[in-house]
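# Model the following, please.
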Amino acid sequence: MATPQSRIYFTEEDYLAIERAAEEKHEYLDGQIFAMAGETEAHNTICVNLTREVSAQLKRSSCRVFAKDIKVRSGPAPKLFQTPRGFFSYPDVLVVCGEREFHDKHRDVLTNPNVIVEVLSKSTEVFDRGEKFIRYRTWLPTLTDYLLVAQGKPMIEHYRRQQNGEWLLTTISGIDATLKIESIGCSLKLSEVYDGVSFSGETDYPGEELSS
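Numbering: from 1, shown residues only. The predicted structure follows:
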């Protein structure tokens, strides 16, 4: 994650009031507000491709696809007189099947995603693989699939929740490969996911800069 804006602790209500009035996006983690990092052309292209491919396949189903502008809350219920604990994030792509559940009347924070997709970036990869995934799998019981999509090479890491609660990792790589998300009946051809993306072979994150 990027550098927090302040060392002052904010409640969830504080964060949401600030975020809903802000022009730029921020995430919230245990009372801290973090400015989100910028993205590369490749990151944006992959997100658009993913949204297009998943939306087309789920067009006549009970599932809805959201991208970038909708928040997800994952965390315990707030308690009085304790340091805030909770996480509000902006997944790159997410899928909700059936009735959508929201944090409050504003209906801009989902609490029951089924599939979350994150496109990896240099500034977020460690967090996406670590603490973010811990929060998601701990506090989102509806989550069945978590996908991490590389930028600099055609590769997707697919985590699937098993019936015993454990998570199974499958890695799909190669531009001709296809990834199947059985829980929503969707298949992703990596040639479509990476359509329009050039691979330099030098780095997964060409030209990307950290936000401050």
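# so where's the chain uncertain?
Residues of the chain meeting the criterion pLDDT under 70: 1-7, 80-82, 201-212.
# what about the helices in it?
Residue ranges of the helices in the chain, as given by DSSP state H, are 12-21, 41-57, 125-129, 131-139, 190-193.
# mind listing what's buried in the third one?
Going by neighbour count (16 or more other CB atoms under 10 Å), the buried part of helix 125-129 is Glu125, Phe127, Asp128. The way it works is simple: take the backbone N, C-alpha and C, and place the C-beta from them, glycine included.
# ok so, going back, could I get the helices of the chain in CSV, plus columns for distance to Phe199?
Output for the helices of the chain, formatted as CSV (distance: least, CB to CB, whole Å):
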stretch, distance to Phe199
helix 12-21, 35
helix 41-57, 9
helix 125-129, 17
helix 131-139, 25
helix 190-193, 12
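# Pick out the residue nearest the middle of the protein.
The centroid of the chain falls nearest to Pro91 when counting by CA atoms, centre = their mean (2.5 Å).
# if I look at that one, how far off is Arg73?
12 Å (CB to CB, to the nearest Å).
# For Ser89, list the residues it contacts.
Glu27, Lys71, Val72, Ser74, Lys132 (CB atoms under 8 Å, 6 or more residues apart in numbering).
# let's see 6 Å
Glu27, Val72 (CB atoms under 6 Å, 6 or more residues apart in numbering).
# Can you name the residues bridging to it?
Here Ser89 shows beta-bridge partners Val72, assigned using DSSP bridges.
# If the closest residue to Leu50 other than its chain neighbours is in a bridge, with which residues?
Distances taken as CB to CB, 6 or more residues apart in numbering put Val93 closest to Leu50, at 4.9 Å, once the chain neighbours are dropped. Counting by DSSP bridges, Val93 is bridged to Val117.
# quick one, what contacts Val93?
Leu50, Thr51, Ala67, Val117.
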